[in-house]
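Peer 1: sequence unknown, structure follows:
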Ligand code: DAH
């Protein structure tokens with residue numbers, strides 16, 4: 001049993017210092033010098049060991065025990081370090097300081113598209129709309145037929161869509177979720193549906209084959225075009241600033257009548273004209289209109305009793321303008337050097 005007494009010699013402190021130097025030695029010659037310094041013929045530990053004989057007889061056993069134990073400890077560390085250096089290990093092994101503050105683990109960040117989508121959801125929910133979702137892999141019924149897009153319509157062209165099978169494709173618009181939602185719910189209906197859509201566009205700084213849209217749909221008794229205008233304007237101002245202006249240009253979509261293109265005044269330059277809006281002062285955001293009676297009939301909602309509006313807004317344009325991103329490919333590249341900036 002090890003006696004419960006303290007080392008009466010300075011060997012413990014000396015050995016500790018010796019071990020520190022052993023661990024810090026980065027080459028064999030340095031390590032050798034350390035060995036000689038401590039356990040060589042005139043080494044510090046050797047000298048203490050020799051001096052034990054001069055101690056009073058009753059102290060010798062105890063001192064011998066400690067000095068030998070410390071010498072042993074030193075030698076074990078020396079041998080291990082020697083092996084490491086022989087294997088080419090160069091790193092300085094240092095005593096670990098437990099009082100140092102810890103290192104923060106790197107935290108991930110939300111993608112600018114995710115953030116913008118969350119803002120969109122926040123605004124739409126404040127306007128009383130519920131969140132709806134639909135599948136990214138769709139059938140022709142929900143992507144085209146129920147949306148009043150006839151068989152020979154250009155939008156159905158195989159070269160403009162990612163068909164997986166004859167009747168199955170990656171959805172080309174979030175308008176599909178209008179149909180899915182109306183199949184399952186009766187009016188009043190007030191939903192928004194954010195998500196990815198897919199079209200085989202030729203890729204360049206402003207086109208990619210995946211992009212993000214948010215769809216809006218409100219169907220109830222006596223819903224009019226002025227409801228549509230106010231919701232779009234409120235949404236735009238909540239998202240992008242209270243000075244934002246809305247401009248609707250007459251247009252055509254098979255699933256709405258009348259239909260319009262949505263322009264927001266450029267929220268980067270405030271409508272003055274800048275490089276983001278191409279000096280026009282306006283940004284094209286998407287399309288909208290009053291839900292076509294044919295669409296309502298397809299999902300068994302009586303168009304004599306109910307009316308509604310729908311809109312689809314592109315999200316990536318907003319993200320790019322907001323964060324000053326001039327190439328849409330960066331949004332989808334997921335390069336951490338890019339993403340870390342946000
Ligand atoms: N789905 C259309 C597109 O992707 C956008 C759109 C236009 C959605 C009019 C609508 C709408 O809901 O009413 O180009």
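Peer 2: Here it is on my side, so go on. The structure displayed is predicted, hence computed values, not measured ones. Residues are numbered from 1 along each chain as shown.
Peer 1: Endpoints of stretch 288-307, how far apart?
Peer 2: End-to-end distance for stretch 288-307, by C-alpha to C-alpha, to the nearest Å: 14 Å.
Peer 1: list the contacts for residue 205?
Peer 2: Residues in contact with residue 205, defined by C-beta atoms under 8 Å, 6 or more residues apart in numbering, are 326, 327, 328, 329. Every C-beta, even on glycine, is put in place using the N, C-alpha and C of the backbone.
Peer 1: Please indicate which of those residues are buried?
Peer 2: residue 328 (16 or more other C-beta atoms under 10 Å).
Peer 1: just checking, which of the contacts of residue 205 belong to helices?
Peer 2: 328, 329 (DSSP state H).
Peer 1: Throw the contacts of residue 205 into CSV and include pLDDT and distance to the ligand, thanks.
Peer 2: As requested, these are exported to CSV (pLDDT from 0 to 100; distance: C-beta to the nearest ligand atom, whole Å):
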residue, pLDDT, distance to the ligand
326, 89, 23
327, 92, 22
328, 93, 16
329, 94, 20
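Peer 1: Quick check: the two most widely separated of the contacts of residue 205?
Peer 2: 326 and 329 (10.3 Å; C-beta to C-beta).
Peer 1: Please list the residues of the chain that sit near the ligand.
Peer 2: By C-beta under 6 Å from any ligand atom, the residues of the chain that approach the ligand are 173, 175, 215, 253, 256, 259, 286-289, 310-312.
Peer 1: so of the residues you listed, which ones are in helices?
Peer 2: Going by DSSP H, the helices hold none of those.
Peer 1: follow-up on the earlier one: tabulate the contacts of residue 205 (CSV), appending distance to residue 191.
Peer 2: What follows is these, written out as CSV (distance: C-beta to C-beta, whole Å):
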residue, distance to residue 191
326, 33
327, 32
328, 27
329, 31
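Peer 1: What is the nearest of the contacts of residue 205 to residue 222?
Peer 2: Looking across these and measuring by C-beta to C-beta, the closest to residue 222 is residue 328, at 39.8 Å.
Peer 1: Hmm, the closest one is touching residue 201, no?
Peer 2: No: using C-beta atoms under 8 Å, residue 328 is not in contact with residue 201; the gap is 9.9 Å.
Peer 1: What strand or helix carries residue 283?
Peer 2: Assessed by DSSP states H and E, residue 283 sits inside strand 282-291.
Peer 1: by contact count, what packs against that strand?
Peer 2: Strand 282-291 sits against strand 210-220, helix 225-240, strand 246-253, strand 256-265, strand 307-314, helix 316-323, with contacts defined as 3 or more C-beta pairs under 8 Å, 6 or more residues apart in numbering; DSSP states H and E.
Peer 1: tell me, what's touching residue 328 and residue 201 both at once?
Peer 2: What both residue 328 and residue 201 touch, as defined by C-beta under 8 Å, 6+ apart, is the set 207, 208.
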